[in-house]
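1. what follows is a protein structure lacking sequence information:
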């Protein structure tokens, strides 16, 4: 009887573990994508997407804060099952991961002080201090400018820090994803920062899956593709504007 009870408890534990989808997220993505409050994922696009996917798959979703430098290791070792707001160009070994269908388009843009001349292209950055994301790989022209010393690369851990540095003239400009940058600038209406209308580089955003995914990868692909096709992804992104108005 004791052996039978132990076996049943073990089986129940395994089944419960199999029904959980460990959804990684990077706090550095910022809103409208992700915001971490006391290491818990606050309402935003990633939480909405994860809950929607979990409902469609019949899985419980547990959101796991995952720093950028640990993403590939966490996926490979099974600490998390997937992570969205990702792109193969950002990973050292993208071929080792499974990539979802493209979810939506994003682009890197420049931001600068409103009392400075507009910086709408990379040529305008010569001789400046540019706020950048730690470890991020930028377009070849910009990486070459860093290597040649024409632009001083200044890494900071998150967009909030870079904006603060720009406000206090410790940077001349910064580069980041358009949506988080415009979200923060709109949230802080008195911030003396302008966002360029011109993009530096445009790319697709994906989810990446590790080998420990509790459902077949093609099943998750199909759910995400349906959310793209029926407009649900764009609606989730649009809902963040309403959240911004509530926060202001």
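-> Yep, that arrived. As the structure is a computational prediction, the values presented were derived from the model and not from experiment.
2. what sits against residue 182?
-> By C-beta atoms under 8 Å, 6 or more residues apart in numbering, the contact set of residue 182 is residue 195. Just so you know, the C-beta spots here come from the backbone N, C-alpha and C atoms, and that holds for glycine as well.
3. any idea how far it is from residue 103?
-> The gap separating residue 182 from residue 103 is 18 Å, by C-beta to C-beta, to the nearest Å.
4. residue 210 now?
-> Residue 210 is 18 Å from residue 103, by C-beta to C-beta.
5. residue 120 now?
-> 27 Å.
6. who's more crowded, these two?
-> Neighbour count, other C-beta atoms under 10 Å: between residue 120 and residue 103, residue 103 has more, with 23 against 15.
7. not counting its neighbours along the chain, what's nearest the more buried one?
-> Distance criterion C-beta to C-beta, 6 or more residues apart in numbering; nearest residue to residue 103, sequence neighbours excluded, is residue 205 at 5.1 Å.
8. please name the residues that touch that neighbour.
-> Taking C-beta under 8 Å, 6+ apart, one finds 84, 85, 86, 87, 102, 103, 104, 105, 106 in contact with residue 205.
9. which secondary structure element is home to it?
-> Per DSSP states H and E, residue 205 falls inside strand 193-209.
10. direction included, what does that strand pair up with?
-> Using DSSP bridges, the strands paired with strand 193-209 are strand 82-86 (antiparallel), strand 98-99 (antiparallel), strand 104-113 (antiparallel).
11. mean pLDDT for those strands - can I get that in JSON lines?
-> Converted to JSON lines, those look like this (pLDDT from 0 to 100):
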{"stretch": "strand 82-86", "mean pLDDT": "97"}
{"stretch": "strand 98-99", "mean pLDDT": "98"}
{"stretch": "strand 104-113", "mean pLDDT": "96"}
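12. tabulate those strands (JSON lines), appending mean neighbour count and distance to residue 187.
-> Formatted as JSON lines, the strands paired with strand 193-209 follow (neighbours: other C-beta atoms under 10 Å; distance: least, C-beta to C-beta, whole Å):
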{"stretch": "strand 82-86", "mean neighbour count": "25", "distance to residue 187": "19"}
{"stretch": "strand 98-99", "mean neighbour count": "18", "distance to residue 187": "31"}
{"stretch": "strand 104-113", "mean neighbour count": "19", "distance to residue 187": "14"}
